[in-house]
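Novice: Structural data only, the sequence is not supplied:
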């Protein structure tokens, strides 16, 4: 159980916790000298049954509101503290608004300094609190008049807090902890603390530290201020970590995660819950987890908006951000994350907005993932992070239309059919336009038919077509099953005479025609048919190599690629023992065919399945 305090400055939050637990949550010398909480404080309250209640004491002064916001993530309950003499004050309303926008955790109210007022005043304050909490969505809230001077009400409040239902054990999903403190312990080293939002972790495990983007090892754990071998979501956790990282490199708001997603978010689509009107392009303070940044608002439609972040955040679906004005005076709204990868264009198109509204209304993981997959296939790693589910849990969800998993992506069956048909249609179009060529390489077909789709996924769909016989692979060239080159009798006879002349060297049409004493046009047509059949290859017009020689050249490029190298005209010329001009012609042919791609002076392997 984790309980966070809330309330106006000087209303006695820290004194109340000390009366309940015997521990002073103020830990900074400045806090103790001024008698005012500045930063987050932590108190642990052991119970007779062995359970430990953790309190997070937050500062009440508006100057330290960002510190308060860092302490309310992942809590199970909130304890609102209102002084009987002052009653409801500005920070009372502000803290309550933040709790409401942060997800409205269950609430208890302690009225402090009850010994300093008359009973009529105490009743009036209780009515103020009841009206305010009901107005903000808490229909039934227990109130306890207390005094830390004479002890009145402390025992009743303690009994109530002890009987609160146990906090939710959020063991499912990947481990996720937002760091709110970092310090060194003599003899142990670096320690970070935070509230674990989900997942499980154990001593000896490795985690990624987001701020420095490197791995650290868990050397030791304290859970709710007690040594432990494991920790899980819903607990206050201190981790003694080991790795090549210094205290100065870690900031409040950094995350400990099992692995980093590919990129943090810089533009995200959200559903807004507004307390005050927001305007287009409005600059804002944004609070997420224990992190505080700035950003701008782009309103889309109704309560949908895009947040443009001035610094990246490690967001997941359904995460909530608190939005405050750029002057940090007012809490304006909450934003619930709907879509982590905001598209650059088309955000205001009616179809996309309708899809976003469906996403906003959906609650079950299977329904939300199905909506994602309507747009495009998604990598399993992307879905796992967005929904905070392990990949095996993703697979086992109860889908209405069960997606397939291909090349690490989830894809709907109808999309597989649509994409494979596009590949076949593109192949048919190529045959109609290039009937004198043997076909296309795999990567070139992918780039022509599915240019903006994940290459591994498209390649797997091509493999599926080959496996089912709807595409044929002939010497690395793909073609439709009914595509075939047929020699005319005279062409076949001429090719039988020419074929033995293809040894190690490139052959020109003119030279072969002279050698075989036949018309040049007849030789050209016979060689064209042989090239269409994949028997020889034209590196430039009228200049041919045998398929076996081209395969040998391709093997050189494959070998260099395996060594992490590209091929330049100079090194290729030296390896082949040919002139520079011919080496350039061969490399440029490989580029045109899709076997390689040029980058500067280097030719890099693109489609290793060609020229086998």
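Specialist: Happy to help now that I have it. None of these values were measured; they are calculated from a predicted model. Numbers count the residues shown, from 1 in each chain.
Novice: Please count neighbours and contacts with C-alpha atoms only from this point.
Specialist: OK.
Novice: helix/strand/coil for residue 271?
Specialist: Assigned by DSSP: H, G, I helix; E, B strand; the rest coil, the conformation of residue 271 is strand.
Novice: Name whatever forms a beta bridge with it.
Specialist: residue 304, residue 336 (DSSP bridges).
Novice: contacting residues for it?
Specialist: With contact set as Cα atoms under 8 Å, 6 or more residues apart in numbering, residue 271 has these partners: 303, 304, 305, 335, 336, 337, 338, 360.
Novice: before we move on, what about residue 141?
Specialist: Contacts of residue 141 (Cα under 8 Å, 6+ apart): 107, 108, 109, 130, 133.
Novice: which residues touch the helix or strand containing residue 537?
Specialist: Secondary structure assignment for residue 537, by DSSP states H and E: strand 536-540. Outside strand 536-540, the residues that touch it by Cα under 8 Å, 6+ apart are 527, 530, 531, 544, 545, 546, 547, 550, 585, 586, 589.
Novice: Out of these, which one has the lowest pLDDT?
Specialist: Minimum pLDDT across these is recorded for residue 531, with 83.
Novice: Quick check: closest non-adjacent residue to that residue.
Specialist: Nearest residue to residue 531, sequence neighbours excluded (Cα to Cα, 6 or more residues apart in numbering): residue 537, at 5.4 Å.
Novice: Local confidence estimate at that neighbour?
Specialist: 87.
Novice: And for residue 120?
Specialist: With respect to pLDDT, residue 120 has a value of 92.
Novice: next one: residue 30
Specialist: Value for residue 30, per-residue pLDDT: 44.
Novice: same thing with residue 64?
Specialist: pLDDT, residue 64: 40.
Novice: now residue 384
Specialist: At residue 384, pLDDT is 91.
Novice: wouldn't it be in contact with residue 392 here?
Specialist: No. Contact criterion Cα atoms under 8 Å: residue 384 and residue 392 do not qualify, at 9.3 Å.
Novice: Those two: who's more crowded?
Specialist: When residue 384 and residue 392 are compared for neighbours, residue 384 comes out ahead with 19 against 10, by other Cα atoms under 10 Å.
Novice: Doesn't that one lie inside a helix?
Specialist: Yes. Assessed with three-state DSSP, residue 384 lies in a helix.
Novice: ok, it to residue 395 distance?
Specialist: Going from residue 384 to residue 395 by Cα to Cα, to the nearest Å gives 10 Å.
Novice: can you check residue 462 too?
Specialist: Distance from residue 462 to residue 395, by Cα to Cα: 24 Å.
Novice: One more: residue 464?
Specialist: Distance of residue 464 to residue 395, given as Cα to Cα: 21 Å.
Novice: And these two? Which one has more around it.
Specialist: It is residue 395, of residue 464 and residue 395, that has more neighbours when counted by other Cα under 10 Å, with 17 against 14.
Novice: Check what pLDDT the more buried one gets.
Specialist: 91.
Novice: again, but for residue 338
Specialist: Confidence score, pLDDT, at residue 338: 95.
Novice: and it, what element?
Specialist: Using DSSP H and E, residue 338 maps to strand 331-339.
Novice: helices or strands next to that strand in the packing?
Specialist: Other elements packing on strand 331-339 under the criterion 3 or more Cα pairs under 8 Å, 6 or more residues apart in numbering; DSSP states H and E are helix 90-101, strand 265-274, strand 320-325, helix 350-361.
Novice: mind listing what the strand holding residue 537 pairs with, with the direction of each?
Specialist: Sheet pairing for strand 536-540, assigned by DSSP bridges, gives strand 543-546 (antiparallel).
Novice: The very next helix or strand once past the partner strand to strand 536-540, inter-axis angle?
Specialist: Tracing the chain past strand 543-546, the next element assigned as helix or strand by DSSP H and E is helix 547-562. With axes from the mean of the first three to the mean of the last three Cα atoms, to 10 degrees defining the directions, helix 547-562 sits at 70 degrees from strand 536-540.
Novice: tell me the contacts of the closest residue in space to residue 554 that isn't next to it in sequence?
Specialist: Sequence neighbours aside, residue 611 is the residue nearest to residue 554 in space, at 6.6 Å (criterion: Cα to Cα, 6+ apart). For residue 611, the contact set (Cα under 8 Å, 6+ apart) comprises 475, 476, 477, 547, 550, 551, 554.
Novice: would JSON lines of those with neighbour count be doable?
Specialist: What follows is the contacts of residue 611, written out as JSON lines (neighbours: other Cα atoms under 10 Å):
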{"residue": "475", "neighbour count": "17"}
{"residue": "476", "neighbour count": "20"}
{"residue": "477", "neighbour count": "20"}
{"residue": "547", "neighbour count": "19"}
{"residue": "550", "neighbour count": "22"}
{"residue": "551", "neighbour count": "16"}
{"residue": "554", "neighbour count": "22"}
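Novice: residues of stretch 409-419 that come out buried?
Specialist: 409, 410, 411, 412, 415, 416, 419 (16 or more other Cα atoms under 10 Å).
Novice: Can you classify the last one by secondary structure?
Specialist: Spelled out, that is residue 419. When the rule is three-state DSSP, residue 419 gets the label helix.
Novice: what about the strands in the stretch 101-250 of the chain?
Specialist: With strands called from DSSP state E, counting those that start in this stretch, the stretch 101-250 of the chain shows them at 107-112, 142-145, 176-185, 189-198, 200-202, 206-209, 214-223, 226-228, 230-232, 236-242.
Novice: Same list (the ones you listed) but as a markdown table, adding mean neighbour count.
Specialist: Converted to a markdown table, the strands of the stretch 101-250 of the chain look like this (neighbours: other Cα under 10 Å):
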| stretch | mean neighbour count |
| --- | --- |
| strand 107-112 | 24 |
| strand 142-145 | 18 |
| strand 176-185 | 20 |
| strand 189-198 | 23 |
| strand 200-202 | 19 |
| strand 206-209 | 20 |
| strand 214-223 | 20 |
| strand 226-228 | 13 |
| strand 230-232 | 21 |
| strand 236-242 | 24 |
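Novice: which stretch among those strands comes nearest residue 371?
Specialist: Residue 371 lies closest to strand 189-198 among the strands of the stretch 101-250 of the chain, at 24.2 Å (Cα to Cα).
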